[in-house]
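Novice: What would the 3D arrangement of this be:
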Amino acid sequence: MYLKSSKKRLTLVFTNMKVAQNRALPADRLAEIALVGTRLARLRIARHMTQADAAVRAGLSRNTAYRIEKGDAGLAIGQVLRYLEAIAPGKSLLALLQEDDPAVAALEASERRQRTRRLTREEQDKLDF
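Specialist: Alright, predicted model coming up:
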């Protein structure tokens, strides 16, 4: 911002003072923002919702939803909370961070690899070298 003067008037001119939030924050705060974004993405996936659907329900663009899930520090907290409300109505930010949602627990259980049957003796012998 600077003053520009002419003979008849004094004009205030605003320069582009945009601050890159990702450079202005310490690394531990950026990690926290990334964690919130990751947890939101996992909750959305666990609830079988596309990013575009969640964005529409929150009244945001899909690009904003993408930025929220990637942990962009330049977004307003209100946008993050609206996105959370669209994915899980009534869920608090604290509950999101505690990751106590049953849908997320079911997603984690389905992602774990489980052996469906025990190896036969012949299969064990083939693996024993």
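
Novice: helices or strands next to the longest helix anywhere in the chain in the packing?
Specialist: Longest helix of the chain, by residue count under DSSP state H: helix 27-46. Secondary-structure packing of helix 27-46 (3 or more Cβ pairs under 8 Å, 6 or more residues apart in numbering; DSSP states H and E): helix 62-70, helix 77-87, helix 93-98, helix 102-111. Every residue, glycine included, has its C-beta placed from N, CA and C.

Novice: Need the ones you listed in TSV (columns: distance to Leu119).
Specialist: Formatted as TSV, those follow (distance: least, Cβ to Cβ, whole Å):
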stretch	distance to Leu119
helix 62-70	40
helix 77-87	41
helix 93-98	39
helix 102-111	23
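
Novice: could the ones you listed go into TSV alongside mean neighbour count and mean pLDDT?
Specialist: Compiled in TSV, the helices and strands packed on helix 27-46 are given as follows (neighbours: other Cβ atoms under 10 Å; pLDDT from 0 to 100):
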stretch	mean neighbour count	mean pLDDT
helix 62-70	18	96
helix 77-87	18	96
helix 93-98	13	90
helix 102-111	12	87
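
Novice: Arg47 is nearest to which of those?
Specialist: helix 102-111 (5.2 Å; Cβ to Cβ).
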